[in-house]
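K.L.:
all I have is the shape, not the residue letters:
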Ligand SMILES: *Cc1c(COP(=O)(O)O)cnc(C)c1O
């Protein structure tokens, strides 16, 4: 009936950067050549620069979960006592991974939507001197909550434990001062704020983490991080890399550098703020008590299954948004902000949401949510102009 362009609006995979997508067509290169070594060295250096760390940075061919597993495997031994902060589906994944590698995991949990408090971590560390590691999500994508990894890092720093942070949707959506905050292992993935398809994961690794891994007794082969580090120093990967994704990554990193890494964070934060204001204006409730800027989780109106909203975004507008996961399915829908999202996207998303809500018995005045986004945009634009005049 009408043209409907397909739009991917989920918190991973996220919309692709066109120049990165085009770069993938140049992947008829061999990975044991000077051309590749130059590409790989540049990617590692630019990634390190964007992460703002002098710690080692390694890239793996895997989805994000591969890097989570590599951390549990390379820095610990079976039987090691660890604390796992769990406030959602990804926290639960950390618990499963830790237990799969034989780690003795104590779970510090918070109800879905909430965050584990840094004091809880501090007390647990004080109560057990044998804790070797603390695992947490910077941003819990399943609920939209974020953890105070700065305060948690501060607590972990004072002990011999290492802090392993799944920042897969934290990077590019919140400030992360890797060294200052004591974030020993920071994990990211390609299909989130980095604007490229799934398939690459990466880690930054502190000296403290390497030290902790020194006597690790877990078996390993593919995810042998020391081997990967040795190869990376020569501009190569241990195994055949994903050349297409590395070409895309190279372009995306260049784009993020030209934008400024802090602007990528500010962009997500502003879109998240505008989204919160718009859905509140539409009479909807936020799901999380500690909302972050990677994704906003919104409760469906009483009596409406959130799946209806997700389905209608698809059927009416060919737009793909996320439902809740696990027991949150049917209760919430999630609007993403990380990576290549802009105000143009958000104006449309909120306008479409108004139509869908009205069509399903939750009456809203057309334009009221959109106006909230317009106000957020206008306020930010004015603030920017004022800063320019002052400067
Ligand atoms: C996406 C995501 C992951 C990784 O999932 P993969 O499907 O393995 O890439 C892990 N943690 C969080 C918080 C995520 O958002």
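P.N.:
Great, that's in hand. Remember, it's a predicted structure, so these values are computed and weren't measured experimentally. Residues are numbered from 1 along each chain as shown.
K.L.:
CA atoms for contacts and neighbours, from now on please.
P.N.:
OK.
K.L.:
flag every residue of the stretch 51-200 of the chain that's near the ligand.
P.N.:
The stretch 51-200 of the chain has residues 63-65, 90, 137, 139-141, 166, 168-169 near the ligand, with proximity defined as C-alpha under 6 Å from any ligand atom.
K.L.:
what about burial for those, which qualify?
P.N.:
63-65, 90, 137, 139-141, 166, 168-169 (16 or more other C-alpha atoms under 10 Å).
K.L.:
in helices, which of those appear?
P.N.:
64-65, 90 (DSSP state H).
K.L.:
how about these in CSV, adding pLDDT?
P.N.:
Shown next, in CSV, are those (pLDDT from 0 to 100):
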residue, pLDDT
64, 98
65, 98
90, 98
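K.L.:
closest to residue 74 out of those residues?
P.N.:
Distance to residue 74 across those (C-alpha to C-alpha) is lowest for residue 65, with 14.1 Å.
K.L.:
so what's residue 240 up against?
P.N.:
residue 31 (C-alpha atoms under 8 Å, 6 or more residues apart in numbering).
K.L.:
what residue in the stretch 201-350 of the chain comes nearest to the ligand?
P.N.:
Across the stretch 201-350 of the chain, no residue is closer to the ligand than residue 201, which sits at 7.7 Å (C-alpha to the nearest ligand atom).
K.L.:
partner strands of the strand or helix carrying that residue, parallel or antiparallel?
P.N.:
Assigned by DSSP states H and E, residue 201 belongs to strand 200-205. Here strand 200-205 is paired, per DSSP bridges, with strand 56-61 (antiparallel), strand 185-189 (antiparallel).
K.L.:
which strand or helix spans the spatially closest residue to residue 70 that is not a sequence neighbour?
P.N.:
With C-alpha to C-alpha, 6 or more residues apart in numbering as the criterion, residue 70 has its nearest non-adjacent residue at 5.6 Å, and that residue is residue 223. According to DSSP H and E, residue 223 maps onto no helix or strand at all.
K.L.:
try the one 3 residues further on
P.N.:
Assignment of secondary structure by DSSP H and E places residue 226 within helix 225-232.
K.L.:
would you mark the buried spots in that helix?
P.N.:
Neighbour-count burial for helix 225-232 [16+ other C-alpha under 10 Å]: 225, 228-229, 232.
K.L.:
tilt between that helix and strand 56-61?
P.N.:
Interaxial angle, helix 225-232 versus strand 56-61 (axes from the mean of the first three to the mean of the last three C-alpha atoms, to 10 degrees): 100 degrees.
K.L.:
which residues touch the very next helix or strand once past helix 225-232?
P.N.:
Later in the chain than helix 225-232, the nearest helix or strand by DSSP H and E is helix 243-259. Here helix 243-259 makes contact (C-alpha under 8 Å, 6+ apart) with 17, 19-27, 29, 31, 39-40, 42-43, 46-47, 50, 190, 194-197, 199-200, 264.
K.L.:
mind checking which of the residues you listed land in strands?
P.N.:
In this view, the contacts of helix 243-259 that belong to strands under DSSP state E are residue 200.
K.L.:
what residues are up against the residue nearest to residue 114 when sequence neighbours are not counted?
P.N.:
Distances taken as C-alpha to C-alpha, 6+ apart place residue 289 nearest to residue 114, at 5.5 Å, with adjacent residues excluded. If you count contacts by C-alpha under 8 Å, 6+ apart, residue 289 has them with 113-115, 145.
K.L.:
nearest to the ligand among those residues?
P.N.:
Checking the contacts of residue 289 one by one against the ligand (C-alpha to the nearest ligand atom), the nearest turns out to be residue 145, at 10.1 Å.
K.L.:
wouldn't the closest one be in contact with residue 110 here?
P.N.:
No. Counting by C-alpha atoms under 8 Å, residue 145 does not reach residue 110; the two are 10.6 Å apart.
K.L.:
I'd like to know which elements the helix or strand bottoming out on mean pLDDT in the chain is packed against.
P.N.:
Lowest mean confidence among the helices and strands of the chain (mean pLDDT, DSSP states H and E): helix 368-390, at a mean of 92. Here helix 368-390 touches helix 261-281, helix 343-359, going by 3 or more C-alpha pairs under 8 Å, 6 or more residues apart in numbering; DSSP states H and E.
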